[in-house]
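Visitor: Starting from these lines, generate the structure:
(one chain, ligands or ions: 1)
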Amino acid sequence: MECKEKLKKYQEKIKEYNILDFFRADAKRVKNYSIHFNDIYFDYSKNYINKDILNLLMECANQNHLQDKIKAMFTGEKINITENRAVLHIALRNFSKNPIFVDGVDVMPKVREVLQKMQQFVEKVHSGEWLGFTGKKITDVVNIGIGGSHLGPAMVTKALINYKVKGINMHFVSNIDADDISSVFKKINAETTLFIIASKTFTTLETMTNAHTARNWFLSQNASENDIQKHFVALSTNKSACRDFGIPSENMFEFWNWVGGRYSLWSAIGLSIALAIGWTNFEELLHGAYEIDRHFEHAPLNENIPVIYALIGYWYRNFWNYSANAVIPYSNELATLPEFLQQLDMESNGKYVDIDGNIVNYPTGQLIWGEAGTNSQHSFFQYLHQGTDIIPVDFIGFISAFQEVGEHHKLLLSNMIAQSEALMIGKSANQVETELQSQGLSQAQIEKIKQHKVFRGNRPSNIFLLEKLTPRALGKIISIFEHKVFVQGVLWNVNSFDQWGVELGKQLATKVYNEINSVEVLNHDNSTNYIIDMIRNKK
Ligand code: G6Q
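Guide: You can find the predicted model right below:
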């Protein structure tokens with residue numbers, strides 16, 4: 001029998017079990033279902049899993065040649081088959097001396113060269129050697145990019161706010177809605193502002209529109225064309241488009257087509273991060289990711305954090321039919337991590353065609369969502385505790401705060417621990433009854449409200465606990481998620497590295513835009529025609 005058949009049978013068998021039964025059956029469950037790796041503690045004991053299930057999940061991973069595929073990624077094979085590209089974000093943080101070849105050429109010297117150029121630039125800006133057109137030091141950096149050229153840098157910069165370099169204010173513009181860039185213009189001075197145009201292709205409509213608006217605004221502030229080179233830099237794979245925009249090659253930080261947009265914060269796309277937190281901290285971020293890369297590549301599957309994490313997600317998606325997964329960081333700085341993960345996970349694995357071009361007959365991908373704790377406890381946690389759907393939850397916490405203020409941090413962590421426990425143990429009718437009796441309610445009153453206060457529990461969760469939210473720790477967290485997405489892509493047999501849904505949007509908008517600006521007869525469906533007409537006529 002195939003592993004999938006066996007897992008289906010297993011699910012049938014244990015679907016009425018309670019996670020607590022697993023704890024009762026195994027006094028060492030926590031030890032057996034958790035991994036310590038350097039400063040990361042990953043507790044996956046509160047799940048519907050046992051050794052048999054994990055073994056079957058590994059069997060599925062082996063059937064899909066997981067280890068060969070990990071090797072293929074790390075050695076630069078062109079695993080992104082629809083774009084005929086290697087997938088080498090791991091090369092961007094490869095601190096070993098080992099070469100990595102693409103088409104017979106070692107990519108590492110170029111990677112190091114760009115990192116060095118970035119470092120020199122960052123240090124010049126911070127030291128004041130790099131000056132604006134009136135001889136003033138740079139105080140504001142505006143990153144203009146979208147999707148993969150925005151979400152990672154914006155998330156990391158916010159997450160590491162405690163490491164922020166003094167005297168540099170960061171701004172991120174992504175939306176084509178003019179309100180986004182206009183609000184930034186109100187806060188900056190052209191003489192002391194550096195614009196970073198971050199776009200892998202340098203053709204993305206939103207980014208190029210914002211970039212031209214920024215350029216026009218800059219020129220309207222008593223600056224000349226010649227001054228552009230002091231205030232605009234580009235992060236891209238498209239040298240000629242950067243030149244056409246007026247950015248000379250010295251101001252261009254290159255990366256390569258084997259860096260996927262949503263995996264690009266480690267590349268030149270991370271320039272805004274390095275400007276925000278300083279070069280050493282940026283390198284620390286890369287080192288964190290590198291540590292996990294080594295772990296992912298070499299640890300046995302049953303001790304491998306991204307692998308186990310991915311297998312559990314696959315188990316729920318494909319055998320329990322849970323289509324969503326909440327990620328809740330108990331850290332205000334990490335509030336935008338779920339947003340970043342939405343792109344990473346959903347753009348990578350939201351695919352109904354497998355790698356061989358067949359329509360799949362099983363679910364793939366999942367709805368990733370979340371928000372920082374404790375805020376989310378006061379919004380959607382109700383749904384997690386008593387909603388009709390079960391949503392597995394992944395908690396992320398840190399033992400120490402960056403700055404301890406009174407009892408805040410202990411209270412924050414207490415909430416995380418209590419939520420994870422409550423999701424599992426729930427609250428029985430008997431407990432509710434005793435509680436209500438002690439409050440002096442009559443039996444009739446108790447019967448009326450009792451059921452509303454019962455929590456069935458038995459809702460699974462994982463906990464990631466790290467020492468502190470440092471650049472290195474964040475690098476590790478992101479890398480765990482990247483590799484988890486990879487493993488799930490292997491299990492689903494999809495290409496996790498293309499994004500035709502995004503490309504579709506890029507094409508469609510241009511066509512509609514041209515039609516809005518013309519009087520030609522429209523050939524869409526009636527709903528689309530009518531709305532285009534309304535915009536044309538502004539009514
Ligand atoms: C990411 C996607 C997508 C991309 C943006 C921006 O993996 O490809 O989100 O990052 O569309 O693209 P550019 O960097 O080319 O402007």
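
Visitor: Next up, the contacts around the residue nearest the centre of the chain.
Guide: The chain has Leu341 as the residue nearest its centroid, 2.6 Å off, counting by C-alpha atoms, centre = their mean. Residues near Leu341 by C-beta atoms under 8 Å, 6 or more residues apart in numbering: 327, 368, 370, 481. Backbone N, C-alpha and C define where each C-beta goes, glycine included.

Visitor: swap the cut-off to 10 Å and go again
Guide: 151, 155, 262, 325, 327, 329, 368-370, 394, 477-478, 481-482, 484-485 (C-beta atoms under 10 Å, 6 or more residues apart in numbering).

Visitor: Up against the ligand, what does this structure have?
Guide: Within the chain, the positions near the ligand by C-beta under 6 Å from any ligand atom are 146-149, 199-201, 204, 207, 260-262, 347, 499, 502.

Visitor: Secondary structure element holding Ile463?
Guide: Assigned by DSSP states H and E, Ile463 belongs to strand 461-466.

Visitor: right, I mislabeled it, should have said Val141
Guide: Val141 belongs to strand 140-144, assigned by DSSP H and E.

Visitor: Other residues contacting whichever strand or helix holds Tyr41?
Guide: Tyr41 belongs to strand 40-43 when assigned by DSSP H and E. Residues outside strand 40-43 that contact it (C-beta under 10 Å, 6+ apart) are 30, 33-36, 288, 291-292, 295, 305-306, 308-309, 394-395, 397, 399, 420, 461-467, 473, 476-477, 480.

Visitor: List the residues that contact the residue nearest to Asp106 when sequence neighbours are not counted.
Guide: Nearest non-adjacent residue to Asp106, counting by C-beta to C-beta, 6 or more residues apart in numbering: Pro99, 3.9 Å away. Contact analysis of Pro99 by C-beta under 10 Å, 6+ apart lists 76, 91, 105-109.

Visitor: By proximity to the ligand, which residue of the stretch 201-350 of the chain wins?
Guide: Of all residues in the stretch 201-350 of the chain, Gly261 sits closest to the ligand, at 2.5 Å by C-beta to the nearest ligand atom.

Visitor: show me what contacts that residue?
Guide: Gly261 touches 145-152, 198-201, 204, 267, 269, 343, 347, 497, 499, 502, counting by C-beta under 10 Å, 6+ apart.

Visitor: Can you flag the buried ones in the residues you listed?
Guide: 145-152, 198-200, 204, 267, 269, 343, 347, 497, 499, 502 (16 or more other C-beta atoms under 10 Å).

Visitor: Now intersect the residues you listed with the strands, please.
Guide: Members of the buried ones among the contacts of Gly261 lying in strands (criterion: DSSP state E): Ala198.

Visitor: Inside helices: which ones of the buried ones among the contacts of Gly261?
Guide: Among the buried ones among the contacts of Gly261, the members falling in helices (DSSP state H) are 151-152, 502.

Visitor: how about the helices of the stretch 1-150 of the chain, start to end?
Guide: For the stretch 1-150 of the chain, the helices defined by DSSP state H, counting those that start in this stretch occupy 3-14, 19-25, 29-32, 51-63, 66-74, 108-127.

Visitor: Now those helices in a markdown table, please, with extra columns for mean neighbour count.
Guide: Converted to a markdown table, these look like this (neighbours: other C-beta atoms under 10 Å):
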| stretch | mean neighbour count |
| --- | --- |
| helix 3-14 | 15 |
| helix 19-25 | 15 |
| helix 29-32 | 13 |
| helix 51-63 | 17 |
| helix 66-74 | 17 |
| helix 108-127 | 16 |
